[in-house]
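Engineer: Got a predicted structure here, sequence first:
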Amino acid sequence: MKSFSYERARTPAEAAASALRRPDAKFIAGGTNLLDLMKLEIETPAHLVDVNGLALDKIEATPEGGLRIGALLRNTDLAADARVRRDYAVLSRALLAGASGQLRNKATTAGNLLQRTRCPYFYDTNQPCNKRRPGSGCGAIGGFSRQHAVIGASEACIATHPSDMAVAMRALDATVEAVRPDGTQRTIPIADFHRLPGDTPHIETTLQPGELITAVTLPKPVGGAHVYRKVRDRASYAFALVSVAAIVQRDGTGRVALGGVAHKPWRVEAADAELPRGARAVAAQLLANARPTKDNAFKLALAERTIGAALSEAKG
Amino acid sequence: MKFDSPATTNPIDRLKVVGQPFSRIDGPLKTTGTAPYAYERHDVAPNQAYGYVVGAAIGKGRIAGIDLGKAKAAPGVLAIVTAENAGKLGKGRLNTAKLLGGPEIQHYHQAIAVVVADTFEQARAAAALIRVDYAREQGAFDLASLTDKAKPNPITSGPGDTAVGDFAAAFAAAPVRLDARYSTPDEAHAMMEPHATIAAWQGDKLTLWTSNQMIAWNAAEMATILDVPKENVRLDSPFVGGGFGGKLFPRADALLAALGARAAKRPVKVALQRPLMFNNTTHRPATIQRIRIGATADGKITAIGHESWSGDLVGGKADGAVAQTRLLYAGAHRMTATRLATLDLPEGNAMRAPGEATGMMALEIAMDEMAEKLGMDPVQFRILNDTQVDPEKPERPFSQRQLVECLRNGAERFGWNRRNPQPGRVRDGRWLVGMGAAAAFRNNLLTKSAARVRLDGSGIVTVETDMTDIGTGSYTIIAQTAAEMMGVPLERVKVRLGDSAFPVSAGSGGQWGGNNSTAGVYAACVKLREAIAQKLGFNSTEAEFAEGEVRAGNRRVPLTQAAGEAGIAAEDGIEYGDLAKKYQQSTFGAHFVEVGVDAATAEIRVRRMLAVCAAGRILNPKTARSQVIGAMTMGVGAALMEELVVDKRAGFFVNHDLAGYEVPVHADIPHQEMFFLDETDPMSSPMKAKGVAELGICGVAAAVANAVYNATGVRVRDYPITLDKLLERMPDVG
Ligand SMILES: Cc1cc2nc3c(=O)[nH]c(=O)nc-3n(C[C@H](O)[C@H](O)[C@H](O)COP(=O)(O)OP(=O)(O)OC[C@H]3O[C@@H](n4cnc5c(N)ncnc54)[C@H](O)[C@@H]3O)c2cc1C
Ligand code: SF4
């Protein structure tokens, strides 16, 4: 771990301004991802801005009938919130399918969205990795890529985004709220928040330097049956091979997003439209142009079958 | 004491303390966090500095240049030891690769430096400043491509190859035949407590507070490597947080702590960082196995052949996967063969029942496949091919062999008759349900073991032996043995383990620890009883030790009085004659597993597990059960998820942390049942006990594999059985 300086921000705007001012600054929330990466010198911030004291840990109703989830709300509290459980059950389920009780007690909304990939080559600083060291190459391409992306990847990087929560938020059409270093606010639809790797896999979101997430808002409830199906090699405490967040209405219409297949939560509007026609049609749209590796080609069939399982679960 | 004729009645047979289900006497220390594990022994030496290990970044090659400048200048750094400045190091006999590499690099993450600093954080930060230039060399990393070049090699338990009768002809002539290939991956011990050592020098005397299974081996080995007299090295390892064979040998933590302490002139502690644990240390090597079985139409095996290929560094060992096939089933014509390829991956070595664990993973699927070809029930097929003698040397009977009883008893308890022999037919909601069975088999090993026993004036019996308790229950069964022998309650016995200053024991490994170490304590107690009887003027064969007294005729003397102020002590050990040559000593069992396979996603979940074991006298049913259910859990890991994935380009295990190397979590393990059959084995030792723990893992994975087949109709012969290997052939769900 590199030495770093540390400050406790007092207001969101001050945090953002601080982060912009200091070179190599990073916000720290729960620290469950950042600290691990710092110990391994995968992240080497020179300055940490602790945002835990910013009172961004509330969850409140919006005038539009939705919910505004504070950036610092712990995953445990978000999953347990009665309104979330009632109206956005897919989000509760996705959260509870992730990590462990102890980690969820620390992990925050913003930190979860910004958690970094679990690609093993990213984690081993002896190995080439364009995400960790731009231009060094990609160890996973031609290497062990069972966990990796089957769609939306590039020649530079085939990593996946590991979050479960984000997949549910994508299905819910959430919006990310951020404050800029100059104190102004903006909102980013979750669809535009995470980026595909392209030539710059180290740039993972559309946040600008210094920008701080303050909240994630959910539009007003859409009803329907909420399902989150996470498929993994062991029953708990593992990242998804494939996950499916689905919201299905009585008439068979709805939305579906996939986790574990791309550099971001994966949703295609055209696939939603296929829902009444069943899993095969949905998967065909979602995964058109998929380019899996030898190790992870199984994810295509798995995604289709898991969508199928999610749809039957939704039917009850 | 020489044990060279079958055991007769002795004080252990009273079974007042031995054989009772006592909770572990070290349990409260562990549950309160007060058992001192190696890295946390802050009190044993003052002013401990911290070492951080640097692992090689390449799979094979040389260090062309190493720049320590920046690291040396970093805050808090006291010393940096590399092969260049470590001085001459000897070559031990227990490890294949060097514990401190350079300039030659033999495998990925081989230690090349230790940075010693005032704090752990300083050592870690400085380690990251070391710059190393490597000259990479082409290495061999792919076992499957090297099977043709592999050479014959012996296995730990005997020759690599054996042959009886005319296998080729008998197999060719058999009306029903199976010829199948199986593979098992490299696996990691992945124990909770990493390798860890605190080292301190006093002049040329070295003390290592460490975490190790085999104290005497390792004290000697460290002396050889450091080139100091054997008596100058003391090892102390009273508690071990899991070893599974990974701590049989000294590892880099011990050597680098010793070298670091010498260089820094201060005690130094080193724990291997978790990401190094998978490539720096030893692992269970991958195997490729071919099994051929020929049988008559009514299911009698006439020919059985087992070949195994594994790889290791030059000078390394072959996995003994063929071992059990020499002994488990009848058949007049037989062959086994072992081939070893040279690989540049990290060192392969012992892990959880080495040999039988991997061999049974393949053999017991083969038996299931063969039963199906014969149209027989797989449990019946095994029963039909039982043998009561060593099939390669029929003049050697088994000392005890209750395989058939285990299979029958287990089948009954499990409800095996409810199994539908047609695969893929049983459904429970979204789950395809199947049952599988496998035999369990592991040899019983005899090895000498000594102890010292002291009775003091307050009636406390203290046992000292360098035996280790690696979470197995050694403290407890040793205390039970001494209590039984001396006729005192368990609370009156103190047990001190793991110190090389104590008499040399069997140590922990190969499921030999329990029977041999308690037999050693038995021997020492016999001697102490004689000394006490003699002191009291009793005839030692008549003296009875019970309820804190020595009794003979109508004389009764309290032990406190017998001991006197000064106390009385004795030391002895058990040594074995040739009973193990005349009688084959093995342990047996049967595993039954029910799995559910998600019809859509092919996720596999174990629903029920049962093991029935026959393994000699069970010294403590509670600790023995705990060993077996732990082993069953590890068997589920081996069946369904454990795999060190090889990057065949760079030559290393890619998933080298506990996020990437998955082992079962609680949610993966259902209710486990296990039963021991009544057995005493007078050929094994005066304790009449045998090994227990490793038996529990042998066969489990195959029982899971067979259950998956029964559930789905998909036969997977390459472990681990992950859902991607089933998916293509799963039923259509639309
Ligand atoms: C063993 C383990 C298993 C796990 N399993 C799962 C799993 O199965 N599924 C899953 O989804 N996740 C899993 N996780 C990941 C876990 O969800 C994340 O570590 C956690 O959500 C991160 O939140 P945090 O608050 O601790 O983030 P931190 O570690 O504090 O921060 C993460 C990143 O977010 C940035 N950041 C934090 N707050 C803000 C803000 N307000 N504005 C801008 N940037 C910010 C930080 O600078 C940093 O880059 C696992 C983690 C571990 C360690
Ligand atoms: S897939 Fe991405 S994260 Fe993984 S090694 Fe390649 S560039 Fe790095």
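Structural biologist: That came through fine. Numbering: from 1, shown residues only, chains lettered A, B, ... in the order given. Ligands and ions are numbered 1, 2, ... in the order given.
Engineer: Quick check, pLDDT for the residue in the stretch 201-350 of chain B that ligand 2 sits nearest to.
Structural biologist: As assessed by Cβ to the nearest ligand atom, ligand 2 sits closest to residue B:275 within the stretch 201-350 of chain B, at 15.8 Å. (C-beta placed from N, C-alpha, C; glycine too.) Here, the pLDDT recorded for residue B:275 equals 97.
Engineer: swap in residue B:734?
Structural biologist: Here, the pLDDT recorded for residue B:734 equals 54.
Engineer: what sits against residue A:188?
Structural biologist: A:175, A:176, A:177, A:178, A:206, A:207 (Cβ atoms under 8 Å, 6 or more residues apart in numbering or on different chains).
Engineer: switch to 6 Å and redo it
Structural biologist: Going by Cβ atoms under 6 Å, 6 or more residues apart in numbering or on different chains, residue A:188 touches residue A:176.
Engineer: Kindly report the residues of chain A close to chain B.
Structural biologist: With Cβ under 6 Å from any Cβ of the partner chain as the criterion, chain A comes near chain B at residues A:41, A:120, A:126, A:143-144, A:231, A:233-237, A:298, A:301, A:305-306, A:308-309.
Engineer: Narrow the residues you listed to those in helices?
Structural biologist: Counting by DSSP state H, the residues of chain A next to chain B place A:120, A:298, A:301, A:305, A:306, A:308, A:309 in helices.
Engineer: Out of those residues, flag the one nearest to residue B:462.
Structural biologist: residue A:120 (49.6 Å; Cβ to Cβ).
Engineer: how many other residues sit next to the closest one?
Structural biologist: By other Cβ atoms under 10 Å in any protein chain shown, 27 other residues sit near residue A:120.
Engineer: Surely it is in contact with residue B:660?
Structural biologist: Yes - applying Cβ atoms under 6 Å, one finds residue A:120 in contact with residue B:660, separated by 5.3 Å.
Engineer: tell me what the host helix or strand of residue B:522 is packed against?
Structural biologist: Following DSSP states H and E, the helix or strand that holds residue B:522 is helix B:513-536. In terms of contacts (3 or more Cβ pairs under 6 Å, 6 or more residues apart in numbering or on different chains; DSSP states H and E), helix B:513-536 is packed against strand B:449-455, helix B:474-486, strand B:568-576.
Engineer: To ligand 1, which of these lies closest?
Structural biologist: Ligand 1 lies closest to helix B:474-486 among those, at 32.5 Å (Cβ to the nearest ligand atom).
Engineer: quick check: angle from that closest one to helix B:513-536?
Structural biologist: Counting by axes from the mean of the first three to the mean of the last three Cα atoms, to 10 degrees, helix B:474-486 lies at 30 degrees to helix B:513-536.
Engineer: Okay, angle between helix B:474-486 and strand B:449-455 too, please.
Structural biologist: Using the same axes, to 10 degrees: helix B:474-486 against strand B:449-455 is 60 degrees.
Engineer: Can you list the buried residues in helix B:474-486?
Structural biologist: By neighbour count with 16 or more other Cβ atoms under 10 Å in any protein chain shown, helix B:474-486 contains the buried residues B:474-486.
Engineer: cool, and stretch B:319-331?
Structural biologist: Buried positions in stretch B:319-331, judged by neighbour count with 16+ other Cβ under 10 Å: B:319-331.
Engineer: can you map out the helices along the stretch 101-250 of chain A?
Structural biologist: Secondary structure of the stretch 101-250 of chain A by DSSP state H, counting those that start in this stretch: the helices cover A:101-106, A:109-113, A:120-123, A:165-171, A:190-193.
Engineer: is it possible to export those to TSV including mean pLDDT?
Structural biologist: As requested, the helices of the stretch 101-250 of chain A are exported to TSV (pLDDT from 0 to 100):
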stretch	mean pLDDT
helix A:101-106	98
helix A:109-113	98
helix A:120-123	98
helix A:165-171	98
helix A:190-193	98
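Engineer: now, of these, which is deepest in the fold?
Structural biologist: helix A:165-171 (a mean of 29; mean count of other Cβ atoms under 10 Å in any protein chain shown).
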